[in-house]
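**Student:** sequence unavailable; structure follows:
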Ligand code: ARG
């Protein structure tokens with residue numbers, strides 16, 4: 001940090017109004033294995049998932065976030081991970097096209113919700129898992145590939161939104177969606193506006209991240225391993241996994257206000273705070 005660019009303090013951090021979409025985990029369980037976190041042979045507890053999810057939902061309401069809800073569907077246990085339901089910007093919803101057939105029906109279910117709620121829906125051609133892999137920083141869309149979303153979906157994003165799209169390649173199977181390895185803390189952008197796990201990216205992508213975000217937070221392995229980066233920020237308040245204690249300290253040092261939540265049950269499916277949250281931008 002130079003004197004001209006001091007670390008922001010808490011009083012400098014401003015929350016901006018957010019609208020998000022969530023899906024109550026009424027039918028949550030781990031019935032199949034499509035990422036290394038999932039162990040279908042181990043028990044899950046839908047009641048615990050619901051309680052933990054409700055705590056996140058209530059926290060968002062307390063923070064003044066406008067939360068919309070989509071009805072969960074029996075037989076789609078991963079529908080709680082709303083971030084994968086699409087990518088929404090400028091009132092246009094680019095629908096998801098899931099890689100694994102187990103989640104396939106979620107794509108149309110979310111597109112129906114977008115259409116019924118006044119969004120212009122674009123049918124996806126390429127495999128893509130929505131905001132799980134696409135994150136907006138300033139006017140640039142950072143787009144993950146390597147495990148789920150096909151790089152061809154990044155071209156679709158370019159055509160639909162007429163914005164710069166930067167492809168980032170994920171290489172660690174535990175961090176299979178961009179939002180498990182990269183967090184947007186200040187959506188206005190800037191050299192310190194994100195946090196990420198360097199080892200989750202290939203060399204070329206890491207170089208891009210270093211160049212674009214020279215003052216980013218780098219999280220440690222322990223915090224990444226509880227999906228600490230899978231967080232949601234309104235520019236001031238950052239909702240994170242309560243077990244990500246070093247990340248919490250890093251956020252405080254930079255003037256953010258971290259709020260810890262326990263989503264341990266939903267971690268059994270390989271998701272955390274951000275996975276349960278899809279931002280809706282008109
Ligand atoms: N079980 C889900 C899957 O593997 C978890 C999705 C997590 N979502 C996310 N945005 N990272 O597809």
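**Tutor:** Great, that's in hand. Just so you know, these numbers come straight off a predicted model, no measurement behind them.

**Student:** residue 240 in helix, strand or coil?
**Tutor:** Following DSSP: H, G, I helix; E, B strand; the rest coil, residue 240 is assigned to strand.

**Student:** now residue 83. Nearest residue, chain neighbours left out?
**Tutor:** Leaving aside its sequence neighbours, residue 83 sits nearest to residue 131 (C-beta to C-beta, 6 or more residues apart in numbering; 4.4 Å). No exception for glycine: its C-beta is placed from N, CA and C like everyone else's.

**Student:** distance of the one you found from the ligand?
**Tutor:** Residue 131 sits 7 Å away from the ligand, going by C-beta to the nearest ligand atom, to the nearest Å.

**Student:** quick one, what contacts that residue?
**Tutor:** By C-beta atoms under 8 Å, 6 or more residues apart in numbering, the contact list for residue 131 reads 83-88, 179, 274, 278-279.

**Student:** helix, strand or coil for it?
**Tutor:** Taking three-state DSSP, the label given to residue 131 is helix.

**Student:** the longest helix in this protein is where?
**Tutor:** helix 46-62 (DSSP state H).

**Student:** close to the ligand, is that helix?
**Tutor:** No - judged by C-beta under 6 Å from any ligand atom, helix 46-62 makes no contact with the ligand; its nearest approach is 12.3 Å.

**Student:** tell me, how many residues neighbour residue 156?
**Tutor:** 21 (other C-beta atoms under 10 Å).

**Student:** contacting residues around the helix or strand it falls within?
**Tutor:** Per DSSP states H and E: residue 156 is located in helix 152-161. Identification of contacts with helix 152-161 by C-beta under 8 Å, 6+ apart yields 87, 89-90, 92, 94, 97, 122, 124-128, 133-134, 141, 143, 145, 163, 165, 167.

**Student:** what's the closest non-adjacent residue to the residue of the stretch 1-150 of the chain found nearest the ligand?
**Tutor:** Relative to the ligand, the nearest point of the stretch 1-150 of the chain is residue 132 (3.1 Å; C-beta to the nearest ligand atom). The shortest distance from residue 132 to any non-neighbouring residue, by C-beta to C-beta, 6+ apart, is to residue 177 (3.8 Å).

**Student:** do the same with residue 181
**Tutor:** residue 200 (3.6 Å).

**Student:** tell me the pLDDT of the one you found.
**Tutor:** Looking at residue 200, its pLDDT is 98.

**Student:** and residue 182, how far from the ligand?
**Tutor:** Distance from residue 182 to the ligand, by C-beta to the nearest ligand atom: 11 Å.
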